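>>> kindly return the folded structure for what I paste below:
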Amino acid sequence: MTLAERLAQLEAAAAQPGGLTLRLVDQLTADQPDLRRVLAAAAVPHWWDVSVLSKILDDDLAADAAAWVQRLAALSVVEDFRARPDARNVHEVTRLALRDELHRSGHLAFLSARALAAFPAPVADAPPADHIEHLYHLLLARPEEGAAALESRYGDWRDHGRWAAQLDLAAMLEEVLPLLAPPARARALLRRASIRSDRRPLEEIEDQVTESLQLFRSLTNEHAEAQALSFLAGLAQSHGSLNEARDLYTQCKTIRESLAASDPTHATWQEERAWTELAIGDIAKEQGNLAEALSAYNFGHVSFKRLAASDPANAEWQRDLSVSLVKLGNLAVAQGDLAGALRCFSESKTIAERLAASDPANAAWQRDLSVSLNKLGDLAVAQGDLAGALRSFSQSKIIRERLAASDPANAEWQRDLSVSLVKLGNLAVAQGDLAGALRCFSESKTIAERLAASDPANAAWQRDLWVSYWRLADHCEKSGQAEEAKAWWQKAFDKLSGMKARGLHVSPEDLGFLERLRAKAGEK
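Numbers count the residues shown, from 1 in each chain. The predicted model follows:
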């Protein structure tokens, strides 16, 4: 072959994904078609040994699996799989190129179905890696079954606060998404977005959920369509787009009402119907419609109370009940009913304490307890019990520090810690400890800056930042530090006016603050 011909081949290979890698594979297996077939089969799983390979290979090759393993081990594109003794894997770049080639030829689903014999459904408490490998092949081989299994596994890890496992699951979904048929792709998009919603820009998450919604509608999967609508509504709410959020929740409610009415014994549909009411109640409360909020919260609370009573051992329903009590407590505070709020928050805390004690490794339940403690702390402040407030806020902060340290990439937990610092700072001000307040406000500001920088499109995080600047400006002003105060007023003005200029959501109330900041900063 001439140099010109060789260059032409390389240029042609470079024009397709993985082309150069496949060209290398062809050279390594030149005149050895069976070795080429074995190497392609070995690229289907993330790792393999003799047993795994024997189940994936075609029948005419499987009997010699041990010999093929030895021949594969001699190739430069095969390496030891460090997580398992005596196991190997095809180097990642080569594995993906071969896998994509199998997908284009229509052979990948067939080999993934064979791989399921090597990676059957694990027991519930098996290592997350075993579940993820099984789901990977199930999504490719049997899309509808894989989608259902993915939803079940995600729900279990979410409910038990298995954050690290969820992140590993999201990484697998990222890899396999381009290869999935619509039923599996729709579910994978939704759950990847769910896991990464606090780690990726909101616009990116919205795009993924919108695609999943379109796919679910094309598949006439109403239950999943409602899940996607609810997710999009929550994203709209986080943007501050309350009318859009209400419209999306209303669409979701229509579907869930129909499903719940079609089968009153279907507990999941009754539970999801109740959650939709709580969400609509939140929108109504934020828009100042307290009567509508009370009606929605009461519906959710009664539904969860009925479910929890029907099965006291069901931790998920106990948690649902606890959350509904917090919602009612918040509304009672807004209505000035502090005694009613105390009853709701205390009952919620009792449930949260019981759940948190039953599974200290469940991060979600630990966070729930921190929320209940903060609610009681807020109420203690309103009643003038500063010592009681300090106890509650401090206990909550300890939980949140532990969660934030366990997963620095979890934006929700970082923001939770920031909130706890603000509460303790405000309390320090009330107690006359200005130095302690400054430390808390400064730490909270540092977290707010980091979150705002990580997602410039997140209006809530940008708002947190300008409010942090405002808080520091106000503190410095009251402490007699005029120059420092003016610098913070300027930063707050720049941030809030920048949000408005970039088209991020700024509430009418915050626009009023903008004019006050303009005056404080000396802007014209």
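>>> so how many other residues sit close to the residue lying closest to Arg99 once chain neighbours are set aside?
Excluding its sequence neighbours, the residue lying closest to Arg99 (CB to CB, 6 or more residues apart in numbering) is Ala43, at 5.2 Å. All C-beta spots, glycine's among them, are computed from the backbone N, C-alpha and C. Counted by other CB atoms under 10 Å, the residues lying close to Ala43 total 28.
>>> residues contacting Ala43?
Residues counted as contacts of Ala43 (CB atoms under 8 Å, 6 or more residues apart in numbering) are 90, 94-96, 98-99, 102.
>>> now do Gly432
Contacts of Gly432 by CB under 8 Å, 6+ apart: none found.
>>> that older thread, got phi/psi on the residue nearest to Arg99?
phi -80, psi -10 (degrees, to the nearest 10).
>>> surely Lys253 touches Ala274?
No. Between Lys253 and Ala274 there is no contact under CB atoms under 8 Å: 10.8 Å.
>>> pick out whichever of the two has more residues nearby.
The neighbour count for Lys253 versus Ala274, taken as other CB under 10 Å, is higher for Ala274 (24 against 21).
>>> could you report the distance from Ala63 to Leu53?
11 Å (CB to CB, to the nearest Å).
>>> between those two, which is the more surrounded one?
Using other CB under 10 Å, the more surrounded residue of Ala63 and Leu53 is Leu53, with 24 against 11.
>>> and the next element down the chain from the helix or strand harbouring that one?
Using DSSP states H and E, Leu53 sits in helix 50-56. Moving toward the C-terminus from helix 50-56, the first helix or strand encountered (DSSP H and E) is helix 59-62.
>>> which parts of that next one are buried?
Buried positions in helix 59-62, judged by neighbour count with 16 or more other CB atoms under 10 Å: 61-62.
>>> now stretch 81-89
For stretch 81-89, a neighbour-count test (16+ other CB under 10 Å) marks 81, 87-89 as buried.
>>> so where's the stretch 351-500 of the chain uncertain?
Low-confidence segments of the stretch 351-500 of the chain (pLDDT under 70): none present.
>>> oh sorry, the question was meant for the chain
Ranges of the chain meeting pLDDT under 70: 1-18, 161, 198-199, 524.
>>> for Leu331, pull up the helix or strand it's in.
Using DSSP H and E, Leu331 sits in helix 315-334.
>>> actually Leu417, sorry about that
Assigned by DSSP H and E, Leu417 falls in helix 411-430.
>>> residue boundaries of the strands in the stretch 51-200 of the chain?
For the stretch 51-200 of the chain, the strands defined by DSSP state E, counting those that start in this stretch occupy 78-80, 88-90.
>>> how about residues contacting the last one?
Which is strand 88-90. 39, 42-43, 45-49, 69, 72-73, 77-81, 95, 98.
>>> quick check on those: which are buried?
The neighbour count (16+ other CB under 10 Å) marks 39, 42-43, 45-49, 69, 72, 77-78, 81, 95, 98 as buried among the contacts of strand 88-90.
>>> number of residues surrounding the spatially closest residue to Gly281 that is not a sequence neighbour?
Nearest residue to Gly281 in three dimensions, chain neighbours excluded: Ala296, at 3.3 Å (CB to CB, 6+ apart). Residues lying near Ala296 (other CB under 10 Å) number 26.
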